[in-house]
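> Sequence plus predicted model, see below.
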Amino acid sequence: MSRTSGTTPDSRTALRVCPLCEATCGLTLTIEGTRVTGARGDRDDVFSKGFICPKGASFGAADGDPDRLRTPLVRRDGELREATWEEAFDAVAAGLRPVVERHGPHAVGVVLGNPNVHTMAGALYPPVLLGALRTHSVFTASTLDQMPKHVSSGLLYGDANAIPVPDLDRTDHLLLIGANPLESNGSLCTAPDFPGRLRALRARGGTLTVIDPRRTRTAKLADRHVAVRPGTDAMLLAAMAYVLFEEELVDLGALAPHVQGVDELPDALRDFTPEAASAACDVDAVTIRELARELAAAPTAAVYGRIGSCTVPHGTLASWLVDVLNILTGNLDRPGGALFPTAATDRTPRPAGPGHGFALGRWHSRVSRHPEAKGELPLAALAEEIDTPTEEGSPVRAVIAVAANPVLSAPDGLRLDKALESLDFMVSVDPYLNETSRHAHVVLPPPPPSRGAHHDFAFNTLAVRNQVRYNRPAVPLEEGRMAETEILARLVLAASGMHGADPSAVDAMVVEGTLGKAVKDTASPVHGRDPGELAAALTGENGPERRLDMMLRLGPYGDGFGARPDGLTLEKLLAHPHGIDLGPLASCLPRRLKTRSGKVELLPGPIAGDLPRLRDALRERPAGIVLVGRRHLRSNNSWMHNVPALTGGSNRCTLHVHPDDAARLGLADGAAVRVKGAGGEVVAPVEITDTVRRGVVSLPHGWGHDRPGTRMSHAALDPGVNVNQLLDGSLLDPLSGTAVLNGVPVELTACP
Ligand SMILES: Nc1nc2c(c(=O)[nH]1)N[C@H]1C(S)=C(S)[C@@H](COP(=O)(O)OP(=O)(O)OC[C@H]3O[C@@H](n4cnc5c(=O)[nH]c(N)nc54)[C@H](O)[C@@H]3O)O[C@H]1N2
Ligand SMILES: Nc1nc2c(c(=O)[nH]1)N[C@H]1C(S)=C(S)[C@@H](COP(=O)(O)OP(=O)(O)OC[C@H]3O[C@@H](n4cnc5c(=O)[nH]c(N)nc54)[C@H](O)[C@@H]3O)O[C@H]1N2
Ligand code: SF4
Ligand SMILES: [Mo]
């Protein structure tokens, strides 16, 4: 932090990595007193090099939003009232423990939302909470998002978190499926200035192909745009793999000795001829063949799929096929292709060899018997797990929601509203009183981001360049506020019958457990050492910092507690406020594999078992209109519509309709249209645009801020409608439990 001239005498600057999307741009904040009054891109940031987007530039406005809660709220006589932290945690302990004791651990549901991947607290404490509760009722935003990719990675590589990312800066050919990084700034591919990196790809002679039913800003940048019929990418990708075999274009390159199952693939894919896929996908067979040939011919290439390839009926198969294509063309794990990042806080790399593998369906949801995936049940099934009794097992009676707004983010919010209202107890850790937290008995508000320390545990494992950054709080915590790390540590204590204990005990316990395991691990740099001595050597101002120090030192670049003296420590990181660059992505197979065979398992059983369903889909061709989503650069899921600087203009909740469909259905631009789906109906203004293909309409998510009992005054002025009300939660990708949010059949009627 330093003083700057030119503004008021008490103005200064502080560095902070932006938590508002996955790009993790380094910002230089201007701070006057305790207020963040400006944000610009940090030109010295080792990763983002000065890039900033309009959302990052509004960091101060989002941080200083007057509607953010300042004190805990506790429900008394039916009303949420301001309370002290002590009262709030007393109420949490008193609300949760009886539910566990009376109905068992699974009666407590834990709901984790997206912002957890953007906070240190969200990375460090939920695993401890889940470990303490031992509940099977775990629901996260992943089952509205990337769970298909986790399942596919779990099956292929034995590690659900081993997600290859496209080597954006070096690839010659990028095939981008169902992603719109010009609005989203990228996802499962952390890359500050994604748009600039795509332009650089084209400038160096590379090619960009975009597959999307909408002609997005990203598609407009591309060499080729393929407007696929929503929900059919898995068939298109299967047909591309078919062509690779048929035309003898398969070449695994250096990966060949580490892959099993290649020989079984042609038979498994035999029905997916380009001609068969063509009708289902509405992409001509010639184009499908060209896409496959271009991929095989490129010196290096990467296939990358995101939301539009995940939140669809065959999301896991599509996610698997993305990697299959990378593997068959020799592009997995090689520079210019798709590689696994190595984050500074990753576990100690271990020697190659067989691992524990990945299992699906170790337990099932109570009502619809959905299999668990990665320890989670589908968020789309939360409402029924609360409101539907069964002969065996208790319904969910209490909910702990951390940074989650499922009433807007998940299917059928009206049903979820009722279900949450019926709970014995609910606690929300959330800065806002919104559509979901209004149902809580206790709301625990974290301070604004400027008041918290920051490290990207999750996104560094998905970044296009290995690097590490850490920021201490830009502004000190005010009297009466509590860091989110402490809130979650206290929540762990309250949920596990240790209410009132010192929250630092939670960190100490994790440190003891982790170091205890590390010293017994022959691959660890601290093998054989005394864990007590290692714990005493940790630096940091508080528990979370000590845990970060421990992870850095045990990690792949770490000092190994003295074993590699030049290695990374928290102290060293603090001496580099703009971060430390750890180099380009590098090959790491077979070391990274954790499958039982120790190989990439190309055709895993659950995938082979799901292929017949995809084969059946070749013959389906629904006649009606289908709905897809869209994101806007100045928005973020459900919670940023309260920042005036980021609303208005093109950031509106309108239904995009193709001119031909509008004419056929008698819909006028700006007029109201009734949209009806399986879960309900909404009325939205029509926006006629040929950026959507015929037969497809698009409505953004995260809107519908018109419920009573919320406190988001600006968002309520232009509430929009909740697109997820059109869904009834029954449509899922069966392997991953991910809700189908794209390619959903709807009916449109002009409103008089
Ligand atoms: N139809 C449709 N639905 C979708 C999607 C779609 O594409 N189409 N996308 C899906 C995707 S990808 C996702 S990730 C989900 C997101 O679903 P959710 O995670 O449920 O929703 P968010 O709007 O990201 O925000 C969750 C909550 O976090 C709170 N919050 C913000 N910052 C913090 C913080 O620092 N700490 C804490 N404790 N809370 C904070 C917000 O106030 C909000 O209540 O939505 C999904 N829903
Ligand atoms: N500005 C902004 N940035 C965000 C967010 C935000 O809400 N706003 N949310 C963040 C989150 S939580 C996430 S997960 C990421 C998501 O990051 P992206 O995946 O890049 O997000 P989207 O912009 O929704 O892009 C999905 C695209 O898929 C297309 N699509 C829909 N159905 C299909 C289909 O069946 N096939 C194909 N091929 N395409 C299809 C849609 O038209 C859309 O253009 O963005 C993150 N960044
Ligand atoms: S691109 Fe994302 S991380 Fe970068 S400034 Fe914008 S919102 Fe923040
Ligand atoms: Mo997401």
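That came in fine, so what should we check first? Ligands and ions are numbered 1, 2, ... in the order given.
> And for Ala617, the neighbour number?
18 (other C-beta atoms under 10 Å). Every C-beta, even on glycine, is put in place using the N, C-alpha and C of the backbone.
> Longest helix in the protein, please.
As assigned by DSSP state H, the longest helix anywhere in the chain is helix 85-103.
> downstream neighbour of it in the secondary structure list?
Downstream of helix 85-103, the first helix or strand assigned by DSSP states H and E is strand 108-112.
> which residues are in contact with the next helix or strand along the chain from that next one?
Counting by DSSP H and E, the next helix or strand C-terminal to strand 108-112 is helix 120-124. Residues from elsewhere that reach helix 120-124 (C-beta atoms under 8 Å, 6 or more residues apart in numbering): 112, 115-117, 402-403, 446, 452-455, 457-458, 483-485, 487-488, 507, 510, 544, 547-548.
> Go back to the residues you listed and keep what's next to ligand 1.
When C-beta under 6 Å from any ligand atom is applied, the members of those adjacent to ligand 1 are 115, 402-403, 446, 484.
> Including pLDDT and neighbour count, could those go into TSV?
Formatted as TSV, those follow (pLDDT from 0 to 100; neighbours: other C-beta atoms under 10 Å):
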residue	pLDDT	neighbour count
Pro115	98	25
Val402	98	27
Ala403	98	24
Pro446	98	26
Glu484	98	29
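> Of the residues you listed, which belong to helices?
Glu484.
> what's near enough to touch the residue in the stretch 251-400 of the chain that ligand 3 sits nearest to?
Distances between the stretch 251-400 of the chain and ligand 3 by C-beta to the nearest ligand atom are smallest at Arg306, namely 15.0 Å. Residues counted as contacts of Arg306 (C-beta under 8 Å, 6+ apart) are 176-179, 184, 187-189.
> Go again with 10 Å.
Residues in contact with Arg306 (C-beta atoms under 10 Å, 6 or more residues apart in numbering) are 145-146, 149, 176-181, 184, 186-189, 319, 322.
> again, but for Val243
249, 269, 272-274, 285, 288-293, 295-296.
> Checking the residue in the chain that ligand 2 sits nearest to next. Helix, strand or coil?
Per C-beta to the nearest ligand atom, Gly308 is where the chain lies closest to ligand 2, at 2.3 Å. Assigned by DSSP: H, G, I helix; E, B strand; the rest coil, the conformation of Gly308 is helix.
> Tell me the pLDDT of it.
Note for Gly308: predicted pLDDT of 98.
> I'd like to know how many residues surround the residue nearest to it when sequence neighbours are not counted.
Leaving aside its sequence neighbours, Gly308 sits nearest to Gly178 (C-beta to C-beta, 6 or more residues apart in numbering; 2.1 Å). Counted with other C-beta under 10 Å, the neighbours of Gly178 add up to 26.
> Also Thr84?
Counted with other C-beta under 10 Å, Thr84 comes out at 12.
> hang on, the earlier thing: so how far is ligand 3 from the residue nearest to Gly308?
Separation of Gly178 from ligand 3 (C-beta to the nearest ligand atom, to the nearest Å): 19 Å.
> who are the neighbours in contact with that residue?
210-213, 228, 230-231, 233, 304-312, 315, 318, 322, 628, 742.
> do the same with Thr300
When contacts are counted by C-beta under 10 Å, 6+ apart, Thr300 touches 167, 170-174, 206, 329-331, 334-338.
> On the pLDDT front, check it for me.
Reported pLDDT for Thr300: 98.
> Could you grab the helix/strand/coil label for it?
coil.
> Any idea how many residues pack against the spatially closest residue to it that is not a sequence neighbour?
Closest residue in space to Thr300, ignoring its immediate chain neighbours: Gly336 at 2.7 Å, by C-beta to C-beta, 6+ apart. Applying other C-beta under 10 Å, we find 21 residues neighbouring Gly336.
> same thing with Ser504?
Neighbour tally, Ser504, other C-beta under 10 Å: 14.
> what does Ala94 give?
14.
> which ones are touching Gly452?
Counted by C-beta under 10 Å, 6+ apart, Gly452 has contacts 16, 19, 119-121, 446, 471-475, 477, 483-485, 544.
> and it, backbone torsions?
Note on Gly452: its backbone torsions stand at phi -110, psi 150 [degrees, to the nearest 10].
> just checking, Ser187 touches Pro166?
No: contact criterion C-beta atoms under 10 Å: Ser187 and Pro166 do not qualify, at 11.8 Å.
> which residue ranges form the strands in the stretch 1-150 of the chain?
2-3, 11-17, 26-32, 35-41, 73-76, 79-82, 108-112, 138-140 (DSSP state E, counting those that start in this stretch).
> which residue does the stretch 451-600 of the chain bring closest to ligand 3?
Counting by C-beta to the nearest ligand atom, the stretch 451-600 of the chain gets nearest to ligand 3 through Phe459 (9.3 Å).
> Near the closest residue to that residue other than its chain neighbours, how many other residues are there?
Leaving out its chain neighbours, the residue that sits closest to Phe459 by C-beta to C-beta, 6+ apart is Thr190, at 4.3 Å. When neighbours are counted by other C-beta under 10 Å, Thr190 registers 25.
> Repeat that for Pro565.
8.
> related to what we said a few turns ago, quick one: which of Ser187 and Pro166 has more around it?
Set side by side, Ser187 and Pro166 show more neighbours around Pro166, with 29 against 23, by other C-beta under 10 Å.
> Against ligand 3, how distant is that one?
17 Å.
> does that residue really touch Phe340, like I thought?
No: here Pro166 lies out of contact with Phe340, judged by C-beta under 10 Å, at a distance of 11.7 Å.
> so what sits against both of those two?
Leu585.
> contacting residues around Gly679?
So Gly679 contacts 411-415, 722, 724-731, 744 (C-beta under 10 Å, 6+ apart).
> Using the three-state scheme, assign Phe561.
helix.
> give me every residue that touches it.
With contact set as C-beta under 10 Å, 6+ apart, Phe561 has these partners: 515, 518, 524-526, 529, 533-534, 537-538, 549-550, 553-554, 567, 569.
> Which pLDDT value goes with the residue in the chain positioned nearest to ligand 3?
Using C-beta to the nearest ligand atom, the single residue of the chain nearest to ligand 3 is Gly56, 2.2 Å away. Per-residue confidence (pLDDT) for Gly56: 98.
> do the same with Ala623
83.
> again with Val367
pLDDT at Val367 comes out at 98.
> Begin at 24, not 1, for the rest of this chat.
Sure, I'll start numbering at 24, so the last one becomes Val390.
> hang on, it packs against Ala403?
No: using C-beta under 10 Å, Val390 makes no contact with Ala403, being 11.6 Å away.
> and these two? which has more neighbours close in?
Comparing Val390 with Ala403 by other C-beta under 10 Å, the one with more neighbours is Ala403, at 29 against 18.
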